[in-house]
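Colleague: Structure for this input, please:
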Amino acid sequence: MGTIETNSSQELRDKTDKSLEDERSKTDEYLERKSQVVEAKASETIRVNRLVADKDLESHRAEAALDKEHRLDVTGIRTSQFDENVLVQERERSDTALRVERENDDRARTQERIQKRLIAEALLENERKETDSNLLDERVHIDIESEHNSDRLAEEASSHDITKTALITRDQYLAIVSHDLQN
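Modeller: Okay, here's the model as predicted:
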């Protein structure tokens, strides 16, 4: 009887372990998908913001060029080569500052993603450790109860055998006494 219970308990444990592994696998896949979605959204937002900033910059530059042409048409005075160089240098500085700002933004977002992932992993690890601990406690408790019940069953079977032997002995004694009394 104990072997059957042990096999049944082991099958149940194996089934529970498989269920937990499947659940963890699904959770990992879900977190990975969600993480990819978040990163894709962030990347798309950055891309759109950059396109808007680039169009805005181009628009301002086009306005400056039109303003320069307008001044030339109105005043008939051409801008000097010095003014042109100053304008080119200012644009280069502006482009460099924008590029540096974007690189810093990219680094910050990458760091943010890494930190979010580490937090999620740490949270899952803590939850999994707690679940494992609870399962271990439950299994130890069930093992103790099972062993106690098995011991009680063995005692009951032993008591039953002793009682059965005593009843057989009594019946034999009564049969002998009854036979002797008849004679």
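
Colleague: hey, which helix is longest across this structure?
Modeller: Counting by DSSP state H, the longest helix found in the chain is helix 81-182.

Colleague: average pLDDT across that helix?
Modeller: Mean pLDDT, computed over helix 81-182, is 84.

Colleague: Remind me what that helix packs against, helices and strands.
Modeller: In terms of contacts (3 or more Cβ pairs under 8 Å, 6 or more residues apart in numbering; DSSP states H and E), helix 81-182 is packed against helix 2-75. For the C-beta atoms, the positions are set from N, CA and C on the backbone; glycine is no exception.

Colleague: Tell me which other helices or strands the helix it packs on touches.
Modeller: helix 81-182.

Colleague: orientation of the longest helix of the chain relative to helix 2-75 in degrees?
Modeller: 170 degrees (axes from the mean of the first three to the mean of the last three Cα atoms, to 10 degrees).

Colleague: quick one: helix 81-182 to chain centroid distance?
Modeller: 13 Å (Cα atoms, centre = their mean, to the nearest Å).

Colleague: same check, this time on stretch 53-64
Modeller: For stretch 53-64, the distance to the chain centre is 45 Å (Cα atoms, centre = their mean).

Colleague: who touches it?
Modeller: For stretch 53-64, the external contacting residues (Cβ atoms under 8 Å, 6 or more residues apart in numbering) are L87, R91, S94, L98.

Colleague: do the same with stretch 170-183
Modeller: Residues contacting stretch 170-183 (Cβ under 8 Å, 6+ apart): none.

Colleague: quick one, what contacts I46?
Modeller: Here I46 is in contact with D105, D106, R109 (Cβ under 8 Å, 6+ apart).
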